[in-house]
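Visitor: predicted structure and sequence below. I'll ask about it afterward.
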Amino acid sequence: MKTDYYSYKGEKFSCRNCGWTGTGKDVEMGEMFKDGFEVNCPNCHEHFPGLIMFPMIEEVLEKGSKIDKLAASAMKSSQEKWLASLLKNINQLPNLGDDIMCFTLKELKVDGEDFIVITYNEEVVWKEIRVYEYYDRLIEIGQLFKKKYGKRMVDIVPEVDGLYLYGDSCSSAQLIDKFREELRANR
């Protein structure tokens, strides 16, 4: 089923299990996934094939309600601000001349905005807007730092409570630990 979030309620559905026929406004919302949700027959609860995909921001801005459009606009603005804050290139990092460098990860609030901050000798080397469950982003940043500073970089030590860094991922702490071990081993 290739049905749009904003149009599925007006489309016809026929249950291959019990024969029920009706429109999407009468179906039941089924299991939810990251990208969409199933719809089920209101009679026998069999799910119809495919997913109703959640709308992308641009689609909400085009077809959503006034309130949804306001929320999508704020989300888009926030996403653009976050993307602009990201470390993308090693040329964004300062030149540091020490032989062995151990960096520290901190989380700070600056003017009401939450940031991850990486310091060296208490000086800020990089900061970007913090998101939830950013362990994979920290590894990406660490790889850019390693590319810039080479074997002189031996660690990034997280001095955070871990809620935002590790999030809900069961493997995030192990991934960070493995990355830090690789940094120390490549000296």
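Guide: All right, it came through fine. Residues are numbered from 1 along each chain as shown.

Visitor: what residues of the helix or strand harbouring residue 82 count as buried?
Guide: Assigned by DSSP states H and E, residue 82 falls within helix 66-85. Applying a neighbour-count criterion of 16 or more other CB atoms under 10 Å, one finds residue 72 buried in helix 66-85. Every residue, glycine included, has its C-beta placed from N, CA and C.

Visitor: from the chain's centroid, how far away is the longest strand seen in the chain?
Guide: In the chain, ranked by residue count with DSSP state E as the criterion, the top strand is strand 101-110. Centre-to-centre, strand 101-110 and its host chain are 20 Å apart (CA atoms, centre = their mean, to the nearest Å).

Visitor: hmm, who's touching it?
Guide: Outside strand 101-110, the residues that touch it by CB atoms under 8 Å, 6 or more residues apart in numbering are 114-120, 125, 127, 130, 138, 145, 149, 152-160, 164-165.

Visitor: which of those are buried, as a PyMOL select command?
Guide: Here is the PyMOL command that selects the buried residues among the contacts of strand 101-110 (16+ other CB under 10 Å):
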select buried, resi 115+116+117+118+119+120+125+127+130+138+145+149+153+154+155+156+158+160+164+165
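
Visitor: looking at the contacts of strand 101-110, which are in strands?
Guide: Mapping the contacts of strand 101-110 onto strands (DSSP E) picks out 114-120, 125, 127, 153-158.

Visitor: check those residues and tell me the two furthest apart.
Guide: Maximum pairwise distance in the ones in strands among the contacts of strand 101-110, criterion CB to CB, is 27.4 Å, between 114 and 154.

Visitor: give me the below-cutoff pLDDT ranges for this protein.
Guide: Within the chain, the stretches with pLDDT under 70 are 1-2, 187.

Visitor: is the residue of it most remote from its centre in a helix, a strand, or coil?
Guide: For the chain, the C-alpha farthest from the mean C-alpha position belongs to residue 19; by CA atoms, centre = their mean, that distance is 40.9 Å. With DSSP: H, G, I helix; E, B strand; the rest coil as the basis, the three-state label of residue 19 is coil.

Visitor: try residue 140
Guide: Per three-state DSSP, residue 140 ends up helix.

Visitor: list the contacts for it?
Guide: By CB under 8 Å, 6+ apart, no residues touch residue 140.

Visitor: how much space between it and residue 117?
Guide: Applying CB to CB, to the nearest Å, the value for residue 140 to residue 117 is 16 Å.

Visitor: what does residue 64 give?
Guide: 36 Å.

Visitor: please apply the same query to residue 13.
Guide: Applying CB to CB to residue 13 and residue 117 gives a distance of 52 Å.

Visitor: fine, thanks again, bye for now.
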